[in-house]
Structures are given as C-alpha cells and as structure tokens.
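Chemist: generate a structure from the sequence data that follows.
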Amino acid sequence: MFNIVLISPKIPQNTGNIGRTCVALGYNLHIVKPIPFELDDKQIKRAGLDYWPHLSLFVWESLDDFLAANPINERHFFFTTKTDNSYFDASFLPGDFFYFGSEDSGLPLSLMQMRKEGMLTIDMREEFRSLNLSSAVAAVSYEAFRQNKGAFAWVK
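Modeler: Numbers count the residues shown, from 1 in each chain. Below is the predicted model:
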C-alpha cells in the first residue's frame, strides 16, 4: 500500500515500533543501511512484539541501491524540519514513498534536493526541534491512511 523508508535509523526500539505500525496498516518498510544494530536484535523484537514476522520488510545496502530500484518521482515525500510545507496540505496516494532520516541527523539534504517540492514537515510548536522518529512515522502513516481509507480492503 504505502512505503515507509528509513534512512540509516540508529535506535532499534524506534525501528521496532515503526515495523509494528507498518504491520498494523499493511505498509512496506524499507530500511536503508548503514544501521548500527542487527535486525534480529532483541530490542527490535521487543518493540515490534509478535508483529515483526508479519512485516513486509526490504533492506537495502545503500541509498544508491534503493534509488536505483525506486527512482524518485512525484510520489516520493521527504519528512523534515527544513521546510514550512505542512504534510496536512499534501495528497497521498497508495504506493507513495515516505522518507524519514536518522534520529540524530535527519535526511540528507542532497536527497531532498532531488525533489524539493516533496519536502514536508509535521506541524508542531516552533520552539520544539522535532518528534521522535516512530511518532513522526505514525503521524504520517495515519494521515495517509485517513486520506485513502477506502482503498484498504480490510477496512469495514
């Protein structure tokens, strides 16, 4: 349905929580290396609980490998604090790619400059820097779900 792309995540618990959100909604999770932990790490499994085996997971050795298989187009969105474009103003469609950067440095500017109009931010009070990575992914994931609820076969 939708694609969550994590570029070099650093905290296994966040990755586990994100995987759990992806399973709950039927989204794909793409993890782009390098990452400082193993994907079978007990911290990921603890955060992802028994959902992790049901995850549609794709692991990429590098950003270049990911982009070669998934070229950037108008359906790729980059979540960052470096723009004023609210994600509430974007229209999401099934198949879209949502990129999130590492907890300590965010997304590479060179990546976002490949499609500047795809840069979006999550609205919050300006005196705060950012949300936790798993919270940001959840907020965006559920907004995309809300906009496309009828496209999900499992929704009653």
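Chemist: where does the chain dip in pLDDT?
Modeler: Applying pLDDT under 70 to the chain flags the ranges 41, 43-49.
Chemist: quick one, helices of it?
Modeler: With DSSP state H as the criterion, the chain has helices at 12-25, 42-48, 63-69, 109-112, 133-147.
Chemist: Ser86 contacts Thr121, correct?
Modeler: Yes - assessed by CB atoms under 8 Å, Ser86 is found in contact with Thr121 at 6.3 Å. Backbone N, C-alpha and C define where each C-beta goes, glycine included.
Chemist: more neighbours, those two?
Modeler: Thr121 (18 against 11; other CB atoms under 10 Å).
Chemist: need the contact list for the more buried one.
Modeler: The contact partners of Thr121, taken as CB atoms under 8 Å, 6 or more residues apart in numbering, are Phe79, Thr80, Thr81, Lys82, Thr83, Asp84, Asn85, Ser86, Tyr87.
Chemist: if you rank these by neighbours, which is first?
Modeler: Comparing the contacts of Thr121 by number of neighbours (other CB under 10 Å), Phe79 comes first, having 26 neighbours.
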